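my questions are about this predicted structure, shown below with the sequence.
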Amino acid sequence: MYLAHYAFQTMPFALTPNTAFYVDLATHQQAMEVLQTALALGEGFIKVTGEVGTGKTLLCRKLMQEAPQDWTIAYVPDPQLSPNQLRWALALELGLKQSSNVDELQLAHLLQRWLLHLAQQGQRVVLLIDEAQALPDETLEALRLLSNLETEQHKLVQVVLFAQPELDKRLARYQFRQLRQRISFSCQLGVLSALQVRDYVNERLHIAGRVEPLFSNLAMQMLAMFSRGIPRLINILAHKALLLGYGAGIEQIGVRQIVYAALDTEDVRQSWRFAPLLWLLLLTVLMMLMFGSSLWSTQLLAGGGG
């Protein structure tokens, strides 16, 4: 696509979470330190929350990548499971192979025995659940009961929940007070500041193989404003801006490409729907860009005619 045009070795702003493009910014660094410390201490329940697109899944995959050898990781990306389906998912992730004919009670017993076996082998079982805000109520309760499994020294299963803020609202309900009290560590992924957006973009460009600066300073400021500091939106807008720049045959991304990318992105338009002053600013910038381009073309024609 535009790899050769910008001297990239790979796409810098792909939406698929790729740990090769993990940028160790303050909010993610703090969350990673909390996770690693809490798990090393043997804590049973840990929670990481963040708005859509703030990098929870990437953080989860980075944690899996950096897991010590004595961790056995079980990863559940689709949490819309019944309690028994969750037990089966955990059993399969841990390598427990049993006939599907076993009933719920037998499965729970087999799973407990397997967890004890792993503990005796010196393995620490860590269950990572992504999109945990979608867990059914009865499955949340099953997780609490699962965390009851322990030896005299430590938990047989440590659970890390990666979720949107909706999970906090659910856990605030009276019925989840026991589970809520068991969450010993929690952290929240925030959005990026304008300076962090610049560092994030430049680092991903560097990882992709780009040496020279690519986005103008003003383009970076506009990118931070339109994306609201959300990494996924930064990736979407930057990718579209690069496509526009490639189509126009230009070497540096400016305000024009960022503005057009923002206009083409549904989430940006929706977030600005109730901000008429911001839309007025956007239209003003567009008119200035169009006027500037028209004036430049007129000057070129006049110079050529002379």
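Alright, I've got the coordinates.

just confirm residue 8 is within a strand.
No. Looking at residue 8 with DSSP: H, G, I helix; E, B strand; the rest coil, it is coil, so not inside a strand.

break this protein into its domains for me.
26-189, 192-273 (automatic domain parsing).

I'd like the mean pLDDT over the longest one, please.
This predicted structure assigns domain 26-189 an average pLDDT of 92.

does residue 46 count as helix, strand or coil?
strand.

look at it and say how many residues are nearby.
The number of residues packed near residue 46 is 23, by other Cβ atoms under 10 Å. Yep, even glycine has a C-beta here, placed from its N, CA and C like the rest.

export the domains of the chain to a markdown table and tack on distance to residue 6?
Below are the domains of the chain laid out as a markdown table (distance: least, Cβ to Cβ, whole Å):
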| stretch | distance to residue 6 |
| --- | --- |
| domain 26-189 | 23 |
| domain 192-273 | 6 |
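
tell me which stretches of the stretch 101-250 of the chain form strands.
Per DSSP state E, counting those that start in this stretch, the stretch 101-250 of the chain carries strands over the ranges 124-129, 158-163, 183-189.

pLDDT below threshold where in the stretch 151-300 of the chain?
272-300 (pLDDT under 70).

between the strands of the stretch 101-250 of the chain, which gets nearest to residue 227?
Residue 227 sits nearest to strand 183-189 of all the strands of the stretch 101-250 of the chain, at 14.9 Å, using Cβ to Cβ.

residues contacting the most centrally placed residue in the chain?
With distances taken as Cα atoms, centre = their mean, residue 55 lies nearest the centre of the chain, 1.8 Å away. The contact partners of residue 55, by Cβ atoms under 8 Å, 6 or more residues apart in numbering, come to 17, 28, 189, 231, 232.

excluding chain neighbours, what is closest to the last one?
I take that to be residue 232. Sequence neighbours aside, residue 53 is the residue nearest to residue 232 in space, at 3.1 Å (criterion: Cβ to Cβ, 6 or more residues apart in numbering).

tell me the SS of the one you found?
Put simply, residue 53 is coil when judged by three-state DSSP.

tell me the phi and psi of it?
phi 90, psi 10 (degrees, to the nearest 10).

what's the neighbour count on residue 146?
Counted with other Cβ under 10 Å, residue 146 comes out at 23.

isn't it right next to residue 157, touching?
Yes. Taking contact to mean Cβ atoms under 8 Å, the distance of 5.7 Å between residue 146 and residue 157 places them in contact.

winner for burial among the domains of the chain?
With neighbours defined as mean count of other Cβ atoms under 10 Å, the domains of the chain peak in mean count at domain 192-273, which reaches a mean of 19.

ranges for the helices of the stretch 51-200 of the chain?
56-65, 83-93, 104-120, 137-146, 166-171, 177-182, 194-207 (DSSP state H, counting those that start in this stretch).

which neighbours do residue 146 and residue 157 share?
Taking Cβ under 8 Å, 6+ apart as the criterion, residue 146 and residue 157 both touch 90, 127.

residue 42: what secondary structure?
coil.

enumerate every residue touching it.
Residue 42 sits in contact with 124, 154, 155, 158, where contact means Cβ under 8 Å, 6+ apart.

same check, this time on residue 156
Contacts of residue 156 (Cβ under 8 Å, 6+ apart): 112, 115, 116, 118, 119, 125, 149, 150.

before we move on, what about residue 243?
Residues in contact with residue 243 (Cβ under 8 Å, 6+ apart) are 1, 2.

residue 116 now?
151, 156.

distance of it relative to residue 12?
Distance of residue 116 to residue 12, computed by Cβ to Cβ, to the nearest Å: 46 Å.

dig out what residue 189 forms beta bridges with.
Listed beta-bridge partners, residue 189: residue 50 (assigned using DSSP bridges).

check contacts around residue 4.
Shown in contact with residue 4 (Cβ under 8 Å, 6+ apart): no residues.
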